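S.K.: model this:
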Amino acid sequence: MPPLARQLLMALAAALLWVGIGLWQRTRGGTEVGAALLAELPLGAAVFGLALVWVRLRR
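M.R.: As a prediction, the model looks like this:
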């Protein structure tokens, strides 16, 4: 697997984990799934960007 693909997968995994945990917490708190997803997407995008930078700097 090319290094860039591996880095993108690692960053995507971090973002999906973040969004998944956030969705679980928000829906447990009584928020509807759609509203929780809309609230978590900007944070998930930020986590993806930060994780991608972190993974690329680790090389």
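S.K.: so who does the residue lying closest to L16 once chain neighbours are set aside touch?
M.R.: When the adjacent residues along the chain are set aside, L16 lies closest to G44, with 7.6 Å between them (C-beta to C-beta, 6 or more residues apart in numbering). From N, CA and C alone the C-beta is placed, and that goes for glycine too. When contacts are counted by C-beta atoms under 8 Å, 6 or more residues apart in numbering, G44 is found next to A15, L16, W18, V19, G22.
S.K.: Quick check on the residues you listed: which are buried?
M.R.: The neighbour-count criterion (16 or more other C-beta atoms under 10 Å) marks A15, W18, V19, G22 among the contacts of G44 as buried.
S.K.: Between the contacts of G44, which sits nearest R59?
M.R.: Proximity to R59 was ranked across these by C-beta to C-beta; first place goes to A15, at 19.2 Å.
S.K.: For the helix or strand harbouring that closest one, list every residue counted as buried.
M.R.: Taking DSSP states H and E as the definition, A15 sits inside helix 3-28. Counting neighbours by 16+ other C-beta under 10 Å, one finds that the buried residues in helix 3-28 are Q7, L8, M10, A11, A14, A15, W18, V19, G22, L23, R26.
S.K.: Apart from its neighbours in sequence, what residue is nearest the residue sitting nearest the centre point of the chain?
M.R.: Nearest residue to the geometric centre of the chain (C-alpha atoms, centre = their mean): A15, 1.3 Å. In this structure, A15 finds its nearest non-sequential neighbour in F48, 3.8 Å apart by C-beta to C-beta, 6+ apart.
S.K.: can you check V19 too?
M.R.: G44 (4.1 Å).
S.K.: In this structure V55 contacts A11, no?
M.R.: Yes. Using C-beta atoms under 8 Å as the test, V55 is close enough to A11 to be in contact (5.8 Å).
S.K.: picking up where we left off before, go through the strand or helix carrying the residue nearest to A15 and flag the buried ones.
M.R.: Here F48 sits within helix 33-58, counting by DSSP H and E. Buried residues in helix 33-58, counted by 16+ other C-beta under 10 Å: A36, L37, E40, G44, V47, F48, A51, L52, V55.
S.K.: That helix to helix 3-28, inter-axis angle?
M.R.: What separates the directions of helix 33-58 and helix 3-28 is an angle of 150 degrees, with axes from the mean of the first three to the mean of the last three C-alpha atoms, to 10 degrees.
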